[in-house]
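**Q** Pasting the sequence and the predicted coordinates here, then a few questions.
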Amino acid sequence: MRNPRGTDPISRRAALATALLAAPAWSWSSSSSAWAWANAASSPRADRTSSATCTLDALLSRRRVVRRFSAEDVSDAQIERLVSVAKRAPSAGHTQPAAFVLVRDRATRLALAEAALGQSFVAEAPVVLVACADLDRSTGKYGERGEQYALIDVAFASMLLLLAVVEEGLGACFVGAFRDGEVAQLIGLPPRVQPVAVIPIGHPAEAPRPQRLRKTSAVLHRERWSDRLSPAPRLRARAAPARGALPSRDHARS
Ligand SMILES: Cc1cc2nc3c(=O)[nH]c(=O)nc-3n(C[C@H](O)[C@H](O)[C@H](O)COP(=O)(O)O)c2cc1C
C-alpha cells in the first residue's frame with residue numbers, strides 16, 4: 001500500500017494502536033477535536049480487553065454518519081488508502097465483486113444528489129464514491145444466488161471503507177436511497193454492474209452524537225427467534241417503502 005507518510009503501513013497501524021491506547025480519549029481524533037464526544041461512547045470494558053479489541057472499540061466509537069463537510073479537499077492518496085482497505089473485505093468464494101467509482105466533478109455530484117432523492121449533502125462533499133457490485137463476478141460462480149452475495153460483499157467492503165474513513169480523520173455517509181438507473185447512467189455503469197451505495201466523503205463539519213443502540217439482550221436470540229425479545233411494533237406496522245427509497249426522516253434532510 002502506498003504510504004505518503006514515510007513509514008511502513010504495519011508500523012503505522014501499530015503506532016496508531018499504541019497511541020489510541022495511551023492517549024486520553026479526547027485526543028483520539030487524527031484531525032480535529034470534533035470527535036471529542038467519542039470518549040463518552042467508549043466502552044468501560046476497554047481497559048480489560050486485548051489491545052486489538054481496544055483499537056476496534058475506539059474506532060467504532062468514533063464512527064458516526066457525517067452529512068456536513070468543510071470545503072477542504074480529499075486527496076487521491078487518501079481515496080486510494082480507503083479503497084485499499086475496502087478491498088480487504090471478505091467476499092463469497094473470493095469473487096471480489098466490489099468496485100468504486102470516484103466522482104469529483106461538481107456537476108456530476110449535484111446530479112448524484114438529485115438522483116439520491118434530493119439529498120443535497122451528497123454534493124457538498126468534495127468527493128463521492130459510488131460503491132458498485134460487478135454482478136457477473138458472483139453469478140459466474142454461484143448463479144442467481146450470486147446476485148445476493150455480490151450485494152453482501154459490497155456492503156462488507158463499504159463497511160471497511162467507512163472505518164478507514166474514520167482512521168483518515170474524514171467523515172462519510174452511506175447513502176442507499178437513490179434511483180438506480182439515474183446513478184448508473186451518470187457514472188456510465190454497464191448493465192451488469194449495480195450501484196449499491198453513494199458515499200459522499202469529506203472533512204467533517206459536524207460531530208454527531210453517539211447513537212442509542214438496542215440492548216444486546218434484545219438482539220441476541222438464543223436457539224430460536226423470540227418475538228418477546230424483538231417485537232418492534234412501530235417498525236413492523238410501517239408500510240414497505242418504495243423501491244430505492246428509505247422512509248427515515250434523516251434521509252430526506254439536507
Ligand atoms: C443500507 C443503508 C442505507 C442508508 N441510506 C441512507 C440515505 O439514503 N441517506 C442518509 O442520510 N443516510 C443513509 N444511511 C445512513 C443511516 O441513516 C445511518 O447509518 C444510521 O442512521 C445510523 O447512524 P450511524 O451510521 O451514525 O451509526 C443508510 C445506511 C444504510 C446501512
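**A** In hand now; what should we look at?

**Q** Tell me where the stretch 151-254 of the chain is predicted with low confidence.
**A** Along the stretch 151-254 of the chain, the parts satisfying pLDDT under 70 run over 231-254.

**Q** Give the burial count for the closest residue to residue 69 other than its chain neighbours, as a bare number.
**A** With sequence-adjacent residues excluded and distances taken as CB to CB, 6 or more residues apart in numbering, residue 69 is closest to residue 202, at 3.2 Å. For every residue, glycine as well, the C-beta is placed using N, CA and C. Residues within reach of residue 202, counting by other CB atoms under 10 Å, total 24.

**Q** Kindly confirm whether my reading is correct that residue 202 touches residue 168.
**A** No - between residue 202 and residue 168 there is no contact under CB atoms under 8 Å: 10.8 Å.

**Q** can you give me the helices in this structure?
**A** For the chain, the helices defined by DSSP state H cover 9-22, 38-41, 51-62, 76-86, 106-115, 121-124, 135-142, 145-167, 180-186, 216-219, 233-237.

**Q** okay, the angle between the longest one and helix 135-142?
**A** On the basis of axes from the mean of the first three to the mean of the last three CA atoms, to 10 degrees, helix 145-167 is oriented at 130 degrees to helix 135-142.

**Q** next one: the fourth one
**A** Taking the same axes, to 10 degrees, one finds helix 76-86 and helix 135-142 inclined to each other by 20 degrees.

**Q** Which elements pack onto helix 76-86?
**A** Packing contacts for helix 76-86, counted by 3 or more CB pairs under 8 Å, 6 or more residues apart in numbering; DSSP states H and E, involve strand 98-103, strand 127-134, helix 145-167.

**Q** what do you get if the cut-off is 7 Å, keeping everything else the same?
**A** Using 3 or more CB pairs under 7 Å, 6 or more residues apart in numbering; DSSP states H and E, the elements in contact with helix 76-86 are strand 98-103, helix 145-167.

**Q** tell me which strands and helices the longest one is in contact with?
**A** Put plainly, it is helix 145-167. helix 51-62, helix 76-86, strand 98-103, strand 127-134, helix 135-142, strand 171-172, strand 193-202.

**Q** hmm, try it at 10 Å
**A** Packed against helix 145-167 by the contact rule (3 or more CB pairs under 10 Å, 6 or more residues apart in numbering; DSSP states H and E) you find helix 9-22, helix 51-62, helix 76-86, strand 98-103, strand 127-134, helix 135-142, strand 171-172, strand 193-202.

**Q** before we move on, what about the first one?
**A** The contact analysis (3+ CB pairs under 10 Å, 6+ apart) places strand 98-103 against helix 76-86, helix 106-115, strand 127-134, helix 145-167, helix 180-186, strand 193-202.
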